[in-house]
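Student: Okay, sequence plus prediction incoming.
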2 protein chains.
Amino acid sequence: MKSVYFFNEGDGKNKKLFGGKGAGLMEMTRLGLAVPPGFTITTEVCTKYYGNSKKLPKNLMVEVRKNIQKIERRTGKRLGSEKNPLLVSVRSGAAMSMPGMMDTILNLGLNDKTVAGLAYSSKNPRFAWDSYRRFVQLFGKVVFGIDDKKFDSVLHDAKKEQNVQQDYELNEESLRNIVLRYKTICQEDTKKQFPEDPYRQLELAIEAVFKSWMGERAVVYREKYKISKDAASGTAVNVVTMVFGNMGNDSATGVVFTRDPSDGSKRIFGEYLVNAQGEDVVAGIRTPQQIIQLKKEMPSTYKQLLRTCNKLERHFKEPQDIEFTVEKGKFYLLQTRSAKMNAASMIRTSVSMVKEKLITKERAILRLHPEDLDQMLHKTIDVNAAKKISPIAKGIPASPGAASGIAIFDVKTATNMGEGGTKVILVREETKPEDVPAFFSSAGILTSRGGKTSHAAVVARGMGKPCVVGCTDIKIDYSTKQFFADGKVISEGQMITVDGSTGSIYTGEIPTIEPKLTEDFTTVLDWSEQFKTLGIRANADTPEAARLARTYGAKGIGLCRTERMFNARDRLDIFVEMIMAKTIEERKTVLEKLRTLQKQDFKEILDIMQGYHVTIRLLDPPLHEFLPNIEVLINKVYALEKEGASDQVVATRRFLDRAKELAEVNPMMGHRGVRVGITYPEIYEMQIRAICEATAELTKEKIPVHPQIMIPQVGSASELRYVKAIYDSIKSDVESKSKTKLKITFGTMMEVVRACLTADEIAKTAEFFSFGTNDLTQAVFSFSREDAEGKFLPEYFEKEIISENPFQSVDVNGVGSLIQIAVSRGRAIKHDLEIGVCGEHGGDPRSIKFFNMAGITYVSASAHRVPIAVLSAAQASLEKRLSESPKRSRNKR
Amino acid sequence: MKSVYFFNEGDGKNKKLFGGKGAGLMEMTRLGLAVPPGFTITTEVCTKYYGNSKKLPKNLMVEVRKNIQKIERRTGKRLGSEKNPLLVSVRSGAAMSMPGMMDTILNLGLNDKTVAGLAYSSKNPRFAWDSYRRFVQLFGKVVFGIDDKKFDSVLHDAKKEQNVQQDYELNEESLRNIVLRYKTICQEDTKKQFPEDPYRQLELAIEAVFKSWMGERAVVYREKYKISKDAASGTAVNVVTMVFGNMGNDSATGVVFTRDPSDGSKRIFGEYLVNAQGEDVVAGIRTPQQIIQLKKEMPSTYKQLLRTCNKLERHFKEPQDIEFTVEKGKFYLLQTRSAKMNAASMIRTSVSMVKEKLITKERAILRLHPEDLDQMLHKTIDVNAAKKISPIAKGIPASPGAASGIAIFDVKTATNMGEGGTKVILVREETKPEDVPAFFSSAGILTSRGGKTSHAAVVARGMGKPCVVGCTDIKIDYSTKQFFADGKVISEGQMITVDGSTGSIYTGEIPTIEPKLTEDFTTVLDWSEQFKTLGIRANADTPEAARLARTYGAKGIGLCRTERMFNARDRLDIFVEMIMAKTIEERKTVLEKLRTLQKQDFKEILDIMQGYHVTIRLLDPPLHEFLPNIEVLINKVYALEKEGASDQVVATRRFLDRAKELAEVNPMMGHRGVRVGITYPEIYEMQIRAICEATAELTKEKIPVHPQIMIPQVGSASELRYVKAIYDSIKSDVESKSKTKLKITFGTMMEVVRACLTADEIAKTAEFFSFGTNDLTQAVFSFSREDAEGKFLPEYFEKEIISENPFQSVDVNGVGSLIQIAVSRGRAIKHDLEIGVCGEHGGDPRSIKFFNMAGITYVSASAHRVPIAVLSAAQASLEKRLSESPKRSRNKR
């Protein structure tokens, strides 16, 4: 097996074998660009090294020597020469970029003899000794693991002795002296002579780079960025001829992006320093020049740089981030890699590269990261401002965007002040349906309890309000209307800022940046529409949300939750009255009031959607969710008893009794959804009639409408049949009374495991399926999300029991497997069955790829995530196409 | 299509077409037994009748007429003859026996003219007019729907007029008069002449029988006994020549079982009446004679009866329940069907019929009803005693058996009095783990809340204690130590009886009957062992339970719940101390104490099981289940504050805080099982070490042992791997310290849906699977059993959304389908993987058949149900064998 590849022996494709840096250098060599000669020791050698109790393979150094000789032939220099010595750098480079996490050694090949050769060949003894100094320090640190401080203190003393401020003011003699002292440090530490043989130096350096792969920094980095062992099995080692940007004023070093990464515009962007080495740029001692200055200072080099940038972009079809060095007027490329850019710049470059005919639309779509688009769709904290101020607390980011307002601790005040025009942040331990009016009038929500599907989180996301939940860093005291965090007290009326994208809480008002859908963004979405096959709808419960959904390009509403309509101020009381009703008759009378209100809601939403599908889910939560909390009621009873308010005690006791009667041990698996619909059929009857009447009235007005009635929590076909019979009779009643034919379809949520397993039976009654992946995930894992995210999931991540939160990205092996069973059993009965996804996974790019593959008809996401879903769906289609005919498509690219 | 079959045209196999009665009559005719000539109109005609807006098919009466003529040829009588008239009965008869639910008409063919013919041919005018009277009344009631009272009042008046007491004392003239008046009633009611044409009578009677199929009585009966529309699609109609047991002292009628149904012994058993019709026996006016008397009174008839009984038994291979009539010395059979017997008699007859070589052992096993065996395995209420006393309340029967004791409302008193020897019934709204000590010392448990998997139910079943739960009929007032039911007040100390088999609650002590395992029972179980392939283990948590399991024939323990061991009096305090521990170190110290206790438990159980598998499940419930209820704690704090007991307030608050911290919204899907094991690894470490040490110590003593460590709530292979690593290291530590090789296997519960879906991945780590079908059913349905059984399941049954409680009998389409997926995915990795079932379904016969079919290795049931499981498993094997090679096996039978 070949262990070492000279740069002209490989190309850029095999990053796994050569690492990113090595592959880049090889590709540039292949392109005929000026890369200093060198070679790469493969990642496989690293794996062998660890497989062989950390010993280098036997013949490695033989191969290395042959490749050094190749360099020598090309450069005319020789490793160890006392006249014209070859110096090399030894650099790490894994398949995945891990900047700064592993070690590099420069100027290798210097020793007491070759330093003289370098002085001679460079005609610059000071430069030679400075290079030697740098080498010994780096070697001592990297290979021997000697603390940098020891070297620094020698340097510090030398400067003191010479009475100078900067390193470059030290003269040759001082540098000679420093090298001597440095070597003494090494010898004292290792009890050995400093290695003078350049090949021995090289062997030790190669080993040191391999060792740094398992160094603490690198291991922690891989953990943090979840780089799996498969994706990066080890580091390669690159041995490259040294070139020097510090050999006078005709030398320079710099870093350049082929396009401006801050906005994506087509102009090179970067910095350089004359007479300097790369590390000097980083050290920040001298201020680097803007790259445009190079045009004046070194016009021909600048031209060469521009040509190189163009060539690289044309070749890689991706903006590049390159390092270059000019040695005595000669231009060298030391590295190239794809430029990292923010979402806006990625979009801009995608569009302009297509216009320039550099890439196809397909590639323009595929190179984008859908998740990053989220940055552009919400107000964000101004990064510059936030840098200076540190957050006082961190919670779970539950609904993205940033908002400032005064802290308010109760719903009534929040509602009143918010409606009065004051910007308010509602701060609660947790929220309940009756708090929803305050959501409308608050700029943001902060809770100290609950997870990503807590009431606050779900409602806020639906409304697109910034929200931070489960912020255990804060302690709320309702009695004094204060919260405590980071040793501070925040009282009612004090200004705070919540960042729902990061979970950070700040005191005061932090400047925010408004989102905007740029023209380029719209272009990218238009292209995506052409490629995608998956439909994209939005979750929207109110007319406002429906309008927002259309703005963001949703083609229909995939989930309209009717219970949200009961939480509006004017309705919650009626709904509670319905729950407290003592007889069916009383309940029916109250329901009549709700029917009028719901019909109006449905009419508005259907009107806005102009014939697009609107999937309306009938009541889902258990009834007790609409009543106050039992603990609160108990405490209230005690308080009222103390006050002697006996009338109120009786009334509150009545609530307490009903709440207890309805209370459940496991509400998630209890009396809810279709189970409420079957045991209180009058509720579903009311909702179905409201939908049918709304449809009839709009149809008469010639407004195109297509509502879909969706039954939640169905586990057995018989449940669905029961409600279908009610629906059939109400529909034909409304049709005959209104003399209109109603275009409505009737289907079911797929969120109960049993429904998935018996999808064939259910498909006989359902005209459509829609997977509720939130509940389905909970049922498949037997995780209650509210409990899991607060109690054991954090530790599960820490202990690597799970690597991905299944509530954010669909669990393909478990939940996905069940979805596939359901799709295939359902379509066995109705081969063209419409099958949607309306859980939160509908907005997750990775999940969307799975849904696309599984044959799902459409996904429904919250309005703000519709663009992300559109782009993801396009990528999913393109990737599927590529995987199905890899050759044809690769050529196309 | 042929609609009518003469009795010699069919046989006994096609009950679906001919109904049970028709098939029986045909089969007897085929056997050459003395069945009065007749024919059957098929159930298909009934279906047609209802499919054709309740009209008889056109040509039906033509076919009927032809068959009447056949009867006439055989009997020499003629329908409508004025000399020797033919009379027939018209009887219903569906595929499933529905005794008394549909209508019958006797003596059809009589009219004003033929009555004279009957008087002439019978030489008994009084008999003729009496028959006519009976006919008109029955016809009026059944065909015209006239209220019986109208006829009864005429009869009453007539007897008054004649000054006699009994019907048979009325003379011919009175009877003539009565017939006249009866017919007037009919004419007034129908505004039509009473039909004189016998064929018209016959047509109306046939239609009336068909109508009675959808009569209220029949519909309710089918609902109650869950007879599906498929199983019984309609009734047949049997038209049979009348024979009369009331034609003098050489006539008689009787009912006979071929074996004594009360104990199964081989002797005919029954009653008869001389000179009477069947209805007279039922009416109870004259006391029937024991059948043995017939030997004296009618010796030749008795001989013929014995011969007939033998012939029928030999033919049907099943004890029969027959009706006979003797008309002037001539013996007729009117009906035969399999005798209904209690479990003990079924077992006894099975064994004796095999001894008599009447049936094979296979058939002896297959004819038994496993569920009925339950009667024999628990103390039962003495039926005779219970008849006289009605229950004051009914709850959910949760653990079978009956017990009497004084009502006690608190755990402490129950424990103390119980230990002191008093028989106690613990009465609570619900129970908690800390109440378990009282379970040991109580004779029975009664709760007003909770379902079949509530804490009380599960613990009681495990201990084999009679238990009734969810008894909402009673209202408990702890403060006065009373409960209210049925308008009565039951105070502490008052004697009550609970029947856990029926859910009934009685005041006072109701006599009970002890269970016994008869020799025949043991024989049947021995035979079952030979046929079954499924292994049978028992659920047992304590040494006592393990001993019981062996008594009942369990070959191993399939589920040993370790948390039960923490509920014993001396341990709960330690366990709570562990939960309240402030640091890991403190917790570990407390766990050390528990380890010693658990090790002792495991040693005892393993010793008892002598090398049989003992599957030990590590801690499963969430920790908060061991702490007192939050509501109770809140109230306690308020009460203590009032008393000013500030020290205790602080202590209680600490409990309250910890309980709140651990509280969960959905504990069923929360922080429990392996999730606790991973987040508090020290708990599982303690348990695993206790098991390993117990195994090592017994192995050293040369006692054969085979524990299996089972991890609950596993959803991902990574969870199992995490615990496996802990297990591996502890096991090898104990092995090296004890210098013993430990024979332990390591596996997982399959009770989380995701585990089933990813069974292939899990099988790589697990050495065995064991389905926890309780939790799996809850997860598949998204039903919390505790909530479902109390809230909506009753209405689901009522509305026919479900027909079978999935917690009692496994839901084959949903849960079963998932089990099959898991079995096939798991065995794809390890083809001989041991796969058990340890949920409650392990003791359910119908479920056992499914498990046997699905390739399950063993089921584990509560000790008391082990015999039922053994028998069911044998039946499952035999049925599978039959279905696989139907011909061979049928011949064998």
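Tutor: It's in.
Student: Could I get the full set of helices for the stretch 451-600 of chain A?
Tutor: Here the stretch 451-600 of chain A has its helices, by DSSP state H, counting those that start in this stretch, at A:455-463, A:519-531, A:543-551, A:562-566, A:569-580, A:584-609.
Student: Mind giving me the packing neighbours of the host helix or strand of residue A:413?
Tutor: Assigned by DSSP states H and E, residue A:413 belongs to helix A:411-419. Packing partners of helix A:411-419 (3 or more Cβ pairs under 8 Å, 6 or more residues apart in numbering or on different chains; DSSP states H and E): strand A:402-408, strand A:424-428, helix A:436-441. For the C-beta atoms, the positions are set from N, CA and C on the backbone; glycine is no exception.
Student: could you say which helix or strand contains residue A:306?
Tutor: Taking DSSP H and E as the definition, residue A:306 sits inside helix A:299-316.
Student: Now do the helix holding residue A:413 against strand A:402-408, angle only.
Tutor: Here the directions of helix A:411-419 and strand A:402-408 differ by 130 degrees (axes from the mean of the first three to the mean of the last three Cα atoms, to 10 degrees).
Student: circling back to that earlier point, deepest of the helices and strands packed on helix A:411-419, which one?
Tutor: Highest mean neighbour count of the helices and strands packed on helix A:411-419: strand A:424-428, a mean of 27 (counted as mean count of other Cβ atoms under 10 Å in any protein chain shown).
Student: other SSEs contacting that strand?
Tutor: Short answer (3+ Cβ pairs under 8 Å, 6+ apart): strand A:424-428 packs on strand A:402-408, helix A:411-419, helix A:436-441, strand A:444-447, strand A:495-499.
Student: By proximity to chain B, which residue of the stretch 451-600 of chain A wins?
Tutor: With Cβ to the nearest Cβ as the measure, residue A:454 is the residue of the stretch 451-600 of chain A nearest to chain B, at 9.3 Å.
Student: Do I have it right that that residue meets residue A:469?
Tutor: Yes: counting by Cβ atoms under 8 Å, residue A:454 does reach residue A:469; the two are 5.4 Å apart.
Student: where do the contact lists of these two overlap?
Tutor: The overlap between the contact sets of residue A:454 and residue A:469 (Cβ atoms under 8 Å, 6 or more residues apart in numbering or on different chains) consists of A:398, A:447.
Student: Secondary structure class of the most centrally placed residue in chain A, three-state.
Tutor: The central residue of chain A, meaning the one whose C-alpha is nearest the mean C-alpha position (Cα atoms, centre = their mean), is residue A:371 at 5.2 Å. Of the three states, residue A:371 takes helix according to DSSP: H, G, I helix; E, B strand; the rest coil.
Student: what sits against it?
Tutor: By Cβ under 8 Å, 6+ apart, the contact list for residue A:371 reads A:845, A:868.
Student: Around residue A:488, how many other residues sit close by?
Tutor: Residue neighbour count, defined by other Cβ atoms under 10 Å in any protein chain shown, stands at 12 for residue A:488.
Student: buried stuff in the helix holding residue A:306?
Tutor: With burial defined by 16 or more other Cβ atoms under 10 Å in any protein chain shown, the residues of helix A:299-316 counted as buried are A:301-302, A:304-305, A:308-309, A:311-313, A:315-316.
Student: how near is the residue nearest to residue A:162 when sequence neighbours are not counted to residue A:402?
Tutor: Nearest non-adjacent residue to residue A:162, counting by Cβ to Cβ, 6 or more residues apart in numbering or on different chains: residue A:174, 5.4 Å away. Here the criterion is Cβ to Cβ, to the nearest Å. By it, residue A:174 lies 53 Å from residue A:402.
Student: Repeat that for residue A:679.
Tutor: From residue A:679 across to residue A:402, the span is 44 Å (Cβ to Cβ).
Student: Residue A:63 against residue A:6, yeah?
Tutor: No: applying Cβ under 8 Å, one finds residue A:63 not in contact with residue A:6, separated by 10.2 Å.
Student: For the stretch 201-350 of chain A, just list every one of the helices.
Tutor: Assignment of helices within the stretch 201-350 of chain A using DSSP H, counting those that start in this stretch yields the ranges A:216-224, A:278-283, A:292-297, A:299-316, A:343-355.
Student: nearest to chain B, of the ones you listed?
Tutor: Proximity to chain B (Cβ to the nearest Cβ) singles out helix A:216-224 among those, at 15.7 Å.
Student: Give me the buried positions along that closest one.
Tutor: Judged by neighbour count using 16+ other Cβ under 10 Å, the buried positions of helix A:216-224 are A:218, A:221-222.
Student: what do you get for stretch A:188-199?
Tutor: By 16+ other Cβ under 10 Å, the buried positions in stretch A:188-199 come out as A:194-195, A:198.
Student: In TSV, list the residues you listed along with secondary structure.
Tutor: As requested, these are arranged in TSV below (three-state DSSP):
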residue	secondary structure
A:194	coil
A:195	coil
A:198	helix
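Student: Tell me the backbone dihedrals of the residue nearest to residue A:131 when sequence neighbours are not counted, please.
Tutor: Ranked by Cβ to Cβ, 6+ apart and with sequence neighbours excluded, the top spatial neighbour of residue A:131 is residue A:107, at 4.7 Å. Residue A:107 has phi and psi values of phi 60, psi 30 when expressed as degrees, to the nearest 10.
Student: circling back to that earlier point, out of the helices and strands packed on strand A:424-428, which gets the lowest mean score?
Tutor: Among the helices and strands packed on strand A:424-428, helix A:436-441 carries the lowest mean pLDDT, a mean of 82.
Student: Check the offset of that one from the chain's centre.
Tutor: For helix A:436-441, the distance from its own C-alpha centre to the chain's C-alpha centre is 29 Å (Cα atoms, centre = their mean, to the nearest Å).
Student: cool, and stretch A:819-839?
Tutor: That offset, for stretch A:819-839, works out to 29 Å (Cα atoms, centre = their mean).
Student: Export it to PDB, keeping only CA atoms.
Tutor: Below are the C-alpha coordinates for stretch A:819-839, written out as PDB (Å, rounded to 0.1, in the frame of the first residue of the first chain):
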ATOM      1  CA  ILE A 819     -43.700   5.900   8.700                       C
ATOM      2  CA  GLN A 820     -42.500   3.700   5.900                       C
ATOM      3  CA  ILE A 821     -44.600   0.900   7.100                       C
ATOM      4  CA  ALA A 822     -47.600   3.200   7.300                       C
ATOM      5  CA  VAL A 823     -47.000   4.700   3.800                       C
ATOM      6  CA  SER A 824     -46.700   1.300   2.300                       C
ATOM      7  CA  ARG A 825     -49.700  -0.200   4.100                       C
ATOM      8  CA  GLY A 826     -51.900   2.800   3.300                       C
ATOM      9  CA  ARG A 827     -50.900   3.100  -0.300                       C
ATOM     10  CA  ALA A 828     -51.600  -0.700  -0.700                       C
ATOM     11  CA  ILE A 829     -55.200   0.200  -0.300                       C
ATOM     12  CA  LYS A 830     -55.200   3.700  -2.000                       C
ATOM     13  CA  HIS A 831     -52.200   3.900  -4.300                       C
ATOM     14  CA  ASP A 832     -52.500   7.700  -4.700                       C
ATOM     15  CA  LEU A 833     -53.300   8.500  -1.100                       C
ATOM     16  CA  GLU A 834     -52.300  12.100  -0.100                       C
ATOM     17  CA  ILE A 835     -49.800  11.700   2.800                       C
ATOM     18  CA  GLY A 836     -48.500  14.800   4.600                       C
ATOM     19  CA  VAL A 837     -46.400  15.600   7.600                       C
ATOM     20  CA  CYS A 838     -47.500  18.300   9.900                       C
ATOM     21  CA  GLY A 839     -45.300  17.900  12.900                       C
END
